[in-house]
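Trainee: Got a sequence here, can you model it:
(2 chains)
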2 protein chains.
Amino acid sequence: MLAEIITVGDEILIGQIVDTNSAFISKELNKIGVQVYQITSIQDDREHILAALDEAKERADLVLITGGLGPTKDDITKQCFCEFFDDTLVEDPQVVEHINYLFSHYFDKKPLPSNLLQAQVPSQAKILHNSNGTAPGMWMEKDDIVYVSMPGVPYEMKHLMREQVIPMVIEKFHRPHIYHKTLLTYGMGESAIEDRIGDWAHKLPKHIKLAYLPSLGRVRLRLSAKGPDESQLKKEVDAQMNVLHAMVEDIAVGYEHETSVTQRIGELLMEQHKTLSLAESCTGGALAQEITTHPGSSAYYRGSIIPYATELKTSILGVDAQLIAKHNVVSIPVAEAMAQRSNVVFKSDFAIATTGIAGPTKGDGDAEIGTVCIAIATPKGVVSEKFLFGKVRERVIQKTMNKAFEMLLREISKN
Amino acid sequence: MLAEIITVGDEILIGQIVDTNSAFISKELNKIGVQVYQITSIQDDREHILAALDEAKERADLVLITGGLGPTKDDITKQCFCEFFDDTLVEDPQVVEHINYLFSHYFDKKPLPSNLLQAQVPSQAKILHNSNGTAPGMWMEKDDIVYVSMPGVPYEMKHLMREQVIPMVIEKFHRPHIYHKTLLTYGMGESAIEDRIGDWAHKLPKHIKLAYLPSLGRVRLRLSAKGPDESQLKKEVDAQMNVLHAMVEDIAVGYEHETSVTQRIGELLMEQHKTLSLAESCTGGALAQEITTHPGSSAYYRGSIIPYATELKTSILGVDAQLIAKHNVVSIPVAEAMAQRSNVVFKSDFAIATTGIAGPTKGDGDAEIGTVCIAIATPKGVVSEKFLFGKVRERVIQKTMNKAFEMLLREISKN
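Mentor: Below you'll find the predicted structure:
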């Protein structure tokens, strides 16, 4: 069984927004054994939409379309649906009621006639209730192919996918199982890894596929398998993964979980009733931002100081100015002092400190661009490491983030 | 003249990564008058790649492909290129030299035979030097259509696009001009806006298109025009934009510039020799992260305190505990005190403070979920506002960010 995703909107094709909907939809479908064959982004244009639907139906059993459902004239997905299905728009009384409710509850006013146009839906469509917005989702079938239209606004689409589309797909389609397992490695290039594991990879059974996913110092090795028997698949992939793990033991740093590294950090901190603070210099809030994307992070995250200007490391964090003068602001002793002071100032159990030169120009001190020191203060002491992360600012910040969370996770896991 | 983008990689189709390359490429092409007709994401699969190339050539004059150029066996774009162009791979001596240089300079070792496979390129390809990696870009032509293959690693691709592909496209193709102008509005829904401006929009000349782009409390109104004469286009769009602006004067908050709001904040602060600090509670580092993505931000950004736990607003920032007890931690007086204390602690001229409940559960205090207070402390005083931003955590944080930077920009502009 194959699916395709079509995202509609000129704003995607002129690069005004990044299409994040497709990755979300693909991930959700993958979890229930539905493979996405292709993702296509097209214009708000009648002929283009109709052509894309025509092409997709030749390849897929399930076609998911996002976007083009707004109340304004540039949004025409619904009209195209009618043309494609030879259908007409009718008013859905439940959607009318929902729109009236949203306006009276949130804006304390009546909807405009154009808002109520959102309740006009193709007569054959099964309506998917959109609790977060005025445009409903629509499920239509033709020649055994299912077409689902959803709003392009990410949080409306996500809710519709999770609450309605996924359960309906599970009920409608007979699906194989898909099982992925991803091993994280650090410190060796993909060519060197393939040199070492190529013979084994070459002999993998046909239904198990290996992929190399290099990114910023890491290479993720993903095994993917598809088949009718879930427990059998899992057994086979796990067995192959054990062989792989043994071959790359020296560079393996763990498996990629459904939950992200920062989610696991949060879970472990909560289990251990411990707290975290951050003293981020060169990462400038990137670590904090990642930690606080998780709901409930206030249970373990105490806060951060971002002493971007050097003297603030002393005035706010209380790092000894002489230590900075002696060792340079980008140094192991300063990183360690920052982490330890952060635990003191925030009364936390664990702290990450980062200090470095993200570039493209040199800051205070004379460290080479790309130099970063990371320290983790724990209830038992402090660990630290110095890195050289290259000359591209966004990469330096991202690599520092990856490494810092990896180091923290290791320390918390030891606890 | 039309372009298409094909991104190759199973990791996109299983949702393991978000395809950000397409938006970057679209934006760069748009700047030079090249319209992107479609974006297609496909599998690392021979038949799929060949089919996608076949389909794209029916619609576009320029086809840009990213991904599938790694040295490992799962990457097959180059082999597919050879099949598509009826060509064979040959070794390029300059690429060999570059790979040898990268390995000796950065890793102090010799490349493996598999690394040197990166120097194998189709014999008809014009090689695009990739200074950031081992896989070169390739430019090929067939039946008057240009095909460009680039690595999928974003920073390698970006460099190739800017340094090589864009100049070559400019030289090769006769292009019309494309001109966009986007007005930001705040506080009115897209339906209500259309009700007001619909008659005017309906009468726009054919070559000028209006789009409504709603997102998190804002609606962006974009006028786009395409034509042979740049100054004429600009004149027409600017004139129409003036009409539009007058109609929505009460909700307009400015134009969207090529530079982002935070870039403009940085430029103005540098012009005025002023500095910025942040006291972020509910945004948890999101503001800092946005500010520090800009190279050179250390010239005006002093740092941040993220007092996520309530008592830290007192112990680190020095906000009066009685003020918090009296007014609630999410309140205008507390937000204002946080901003003013931030200027004191960081010795900065401007400060943003945020305090709120991002949800999904209530934190300290009894404010409704989605309540946010934002304050801007300036050399002349402090301004603040209270908002209700809904119940979805990521939206609350994003809306707070948008609003906070907008408020700050307004204050700095007054200065």
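Trainee: switch to C-alpha atoms for all contacts and neighbour counts from now on
Mentor: Noted.
Trainee: Please point out which parts of the helix or strand that contains residue A:168 sit buried.
Mentor: For residue A:168, the enclosing helix or strand under DSSP states H and E is helix A:166-172. Of the residues in helix A:166-172, A:166, A:169 count as buried by neighbour count, 16 or more other CA atoms under 10 Å in any protein chain shown.
Trainee: Can you list the helices and strands that that helix packs against?
Mentor: Contacting helix A:166-172 under the criterion 3 or more CA pairs under 8 Å, 6 or more residues apart in numbering or on different chains; DSSP states H and E is no other helix or strand.
Trainee: And the next helix or strand past it?
Mentor: By DSSP H and E, the next helix or strand past helix A:166-172 is strand A:177-186.
Trainee: now the next helix or strand after that next one against strand A:177-186, angle please.
Mentor: Remark: after strand A:177-186, the chain's next helix or strand is helix A:190-202, criterion DSSP H and E. Counting by axes from the mean of the first three to the mean of the last three CA atoms, to 10 degrees, helix A:190-202 points 140 degrees away from the direction of strand A:177-186.
Trainee: now helix A:190-202: mean pLDDT?
Mentor: Averaging pLDDT along helix A:190-202 yields 91.
Trainee: show me where pLDDT drops low in chain A?
Mentor: Scanning chain A for pLDDT under 70 picks out the ranges A:216-217, A:257-259, A:362-365.
Trainee: can you rerun that using 80?
Mentor: A:71-74, A:106-108, A:187, A:214-218, A:253-254, A:256-260, A:359-367, A:391-392, A:415 (pLDDT under 80).
Trainee: can you give me the strands in the stretch 1-150 of chain A?
Mentor: Secondary structure of the stretch 1-150 of chain A by DSSP state E, counting those that start in this stretch: the strands cover A:2-8, A:35-42, A:62-66, A:89-91, A:120-122, A:126-128, A:137-142, A:145-150.
Trainee: Please read the previous query as pertaining to the stretch 151-300 of chain A.
Mentor: Taking DSSP E, counting those that start in this stretch as the criterion, the stretch 151-300 of chain A carries its strands at A:177-186, A:208-215, A:218-227, A:252-256, A:276-280.
Trainee: can you put those in JSON lines and add mean neighbour count and distance to residue B:63?
Mentor: Listed next are the strands of the stretch 151-300 of chain A as JSON lines, based on neighbours: other CA atoms under 10 Å in any protein chain shown; distance: least, CA to CA, whole Å:
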{"stretch": "strand A:177-186", "mean neighbour count": "20", "distance to residue B:63": "32"}
{"stretch": "strand A:208-215", "mean neighbour count": "19", "distance to residue B:63": "24"}
{"stretch": "strand A:218-227", "mean neighbour count": "20", "distance to residue B:63": "29"}
{"stretch": "strand A:252-256", "mean neighbour count": "17", "distance to residue B:63": "34"}
{"stretch": "strand A:276-280", "mean neighbour count": "29", "distance to residue B:63": "42"}
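Trainee: nearest to residue A:28, of those?
Mentor: Residue A:28 lies closest, by CA to CA, to one member of the strands of the stretch 151-300 of chain A: strand A:177-186, at 11.9 Å.
Trainee: List the pairing partners of that closest one within its sheet, with orientation.
Mentor: strand A:218-227 (antiparallel), strand A:252-256 (antiparallel) (DSSP bridges).
Trainee: Include distance to residue A:37 when you put the ones you listed into a markdown table, please.
Mentor: Shown next, in a markdown table, are these (distance: least, CA to CA, whole Å):
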| stretch | distance to residue A:37 |
| --- | --- |
| strand A:218-227 | 14 |
| strand A:252-256 | 23 |
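Trainee: Residue A:190 versus residue A:213, what's the distance?
Mentor: 8 Å (CA to CA, to the nearest Å).
Trainee: what do the two both touch?
Mentor: Shared contacts of residue A:213 and residue A:190, defined by CA atoms under 8 Å, 6 or more residues apart in numbering or on different chains, comprise residue A:219.
Trainee: Helix or strand: which one has the residue of chain A most remote from its centre?
Mentor: Within chain A, the residue lying farthest from the chain centre (CA atoms, centre = their mean) is residue A:322, at 42.1 Å. Element membership of residue A:322, judged by DSSP H and E, is helix A:321-327.
Trainee: now for stretch A:252-264, what's the gap between its first and last residues?
Mentor: 18 Å.
Trainee: contact partners of it?
Mentor: A:181-186, A:245, A:290-291, A:294, A:405-406, A:409.
Trainee: do the same with stretch A:162-174
Mentor: Looking at what lies outside stretch A:162-174 - CA under 8 Å, 6+ apart - the contacts are A:1, A:28, A:29, A:32, A:128.
Trainee: try 7 Å this time
Mentor: With CA atoms under 7 Å, 6 or more residues apart in numbering or on different chains as the test, stretch A:162-174 has contacts from residue A:128.
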